[in-house]
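> Got a predicted structure plus its sequence, pasted below:
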Amino acid sequence: MPQHFLSGTFIRMSAEIAPAASRKGSDASITVDPDSSSRAPQVNPTRLWERLVQLGEVGAYNDERTKLRGVRRLALTDDEVRGRNLVMGWMREQGLEVSVDPIGNVYARREGTDQSLAPVMMGSHIDSVGTAGRFDGCLGVLGGLEILATLDDHKIATKRPMVVAFFTDEEGVRFGTDMLGSATAVGRLPLADALNLRDRDGVSVKDELDRHNQSGDAAWLYKQPPYAYLECHIEQGPVLLTENYPLGVVTGVQGISWWRIKLGGAAAHAGCTPMASRKDAGLALSLMRTRLHQLTAETPGLLCNFGLLSTTPGLTNVVPDTASGTIDLRHPKEDVLREAELRAQKIIEETLVETGCELLDLTQTARTAPVEFHADVVNAVEREITALQIPTRRLVSGAGHDAQELASIIPSGMVFVRGQNDGVSHSPREYSTQEDCANGVQVMCRVVCGLAGI
Ligand code: GLV
Ligand code: MN
Ligand code: MN
């Protein structure tokens, strides 16, 4: 395992993830035919909505905090596989040819009139975080299927084949690495490393793919690249709602750096051990969190989240002997994110010295550089939103998306749909209106028809 020397402390870097790989997006030339876009048929908002609701019931739970119904469909759990089966059933009902690759990504293909041409791909994910709504990822997948169903309704043949994909563990919350399936399909993550990733109970991706019979032999995307990729997704932030834009043109995605950390202290009696002689691992982790929060205040645009904070033995009268956490750092500029990572490591080091604790683990579990989408796809998305007379603006995505992985091998882009409830996501409060969802999918329909030719 590669190691990183940090003033006397060896920091373990993840063996699976190449640190800070800066990737240039594909600049292949493509044609988006405006006449084909303008002839695109009208998608069916009711059918799209009904499927979103139906899929949203798979893994649904009653959320204590919000009193709302949320979705919990972590990758390759029983619930997520029920979701996979539901969506694959819809794909087959639509007469699409379904295939699965070795990491469990699912592809549904509708033939074109010229089968020798590379297909136009749409997609996203159907796995979710533990406190999700119905839209994150599902809108892109079900929107793609809606477009293919609409083409069938109108008996429209496209010149290029079309494929709708959903990718394994986009959220990365179960196995620790976001965009796992799409990153493997485009060749960024080696398959063996991806299969070996384990959840908190030690269950591996391979164990779960085998248990659920969810891997196949479809070709990797980097070996048989599609022509272009489009993804429609909810914004997951407040910009479009606040500024009154129903849809957004996504120009790229910010950089993301994820870490897993574990600190060692010393268990001691909480009533008898002087404060000055404690080695409190919980305190050390809390201080790191506060100091990184302070760093975000000093660095415009820097975001930081400690999503997991836990201590052992977790007892009222015992000083914690270990503390574990996860760190999520993000910034749209690579040099700023790099600098923040270095500052974070310094904060960790100084806090360890101050608290007398030791570092048991610091592993980078995911790292993606900022990504810029293909100018022709970005321009086509903007043109088609404008053609529908919907007000729009350009923006950079705060969330990671499968589109950023596809962007490294083929021209790619995204349409954002405005969220309600402050635009919040990764929460049962996540919500977008039927009209906004249908408009986002209609824009995707126009762009993919322009790419595929009708
Ligand atoms: C995915 O939702 C992410 O950006 O964490
Ligand atoms: Mn998503
Ligand atoms: Mn998400």
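Nice, thanks for sending it over. Ligands and ions are numbered 1, 2, ... in the order given.
> and the nearest residue to Lys206 once chain neighbours are set aside, how far is that from Leu209?
Take Lys206 and drop its neighbours on the chain: the residue closest to it by CB to CB, 6 or more residues apart in numbering is Leu195, 4.0 Å away. From N, CA and C alone the C-beta is placed, and that goes for glycine too. If you measure Leu195 against Leu209 using CB to CB, to the nearest Å, the figure is 7 Å.
> shared neighbours of those two, anything?
In the contact map built from CB atoms under 8 Å, 6 or more residues apart in numbering, the residues linked to both Leu195 and Leu209 are Ile103.
> and Ala165, helix, strand or coil?
Taken by DSSP: H, G, I helix; E, B strand; the rest coil, the conformation at Ala165 corresponds to strand.
> which residues does it form a beta bridge with?
Tyr107, Gly123 (DSSP bridges).
> How many residues are close by it?
With neighbours defined by other CB atoms under 10 Å, the count for Ala165 comes to 29.
> Next: Tyr107.
Tyr107 has 25 neighbours, counted by other CB under 10 Å.
> wouldn't it be in contact with Ala218 here?
Yes - Tyr107 lies in contact with Ala218 (CB atoms under 8 Å); the separation is 5.8 Å.
> so what sits against both of those two?
Residues touching both Tyr107 and Ala218 comprise Ser99, Val100, Asp101, with contact defined as CB under 8 Å, 6+ apart.
> Compare those residues and tell me which is most surrounded.
Across the shared contacts of Tyr107 and Ala218, neighbour numbers were computed from other CB under 10 Å; Asp101 holds the maximum, 22 neighbours.
> ok, now which ones touch it?
With contact set as CB under 8 Å, 6+ apart, Asp101 has these partners: Tyr107, Ala185, Ser215, Gly216, Asp217, Ala218, Ala219, Trp220.
> Quick check on those residues: which are buried?
For those, a burial check counting by 16 or more other CB atoms under 10 Å picks out Tyr107, Ala185, Ser215, Gly216, Ala218, Trp220.
> wait, which of the residues you listed is closest to ligand 2?
Compare each of the buried ones among the contacts of Asp101 with ligand 2 using CB to the ion and the shortest gap goes to Ala185, at 16.2 Å.
> re earlier: could you dump the shared contacts of Tyr107 and Ala218 into TSV and include pLDDT and secondary structure?
Listed next are the shared contacts of Tyr107 and Ala218 as TSV, based on pLDDT from 0 to 100; DSSP: H, G, I helix; E, B strand; the rest coil:
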residue	pLDDT	secondary structure
Ser99	98	strand
Val100	98	strand
Asp101	98	coil
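> how about the strands of the stretch 351-454 of the chain, start to end?
For the stretch 351-454 of the chain, strands defined by DSSP state E, counting those that start in this stretch occupy the ranges 358-368, 371-372, 392-397, 412-417.
> Same list, those, but as a markdown table with mean neighbour count, mean pLDDT and distance to Ala157 please.
Supplementary listing: the strands of the stretch 351-454 of the chain in a markdown table, determined by neighbours: other CB atoms under 10 Å; pLDDT from 0 to 100; distance: least, CB to CB, whole Å:
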| stretch | mean neighbour count | mean pLDDT | distance to Ala157 |
| --- | --- | --- | --- |
| strand 358-368 | 20 | 96 | 37 |
| strand 371-372 | 20 | 96 | 33 |
| strand 392-397 | 18 | 98 | 30 |
| strand 412-417 | 28 | 98 | 24 |
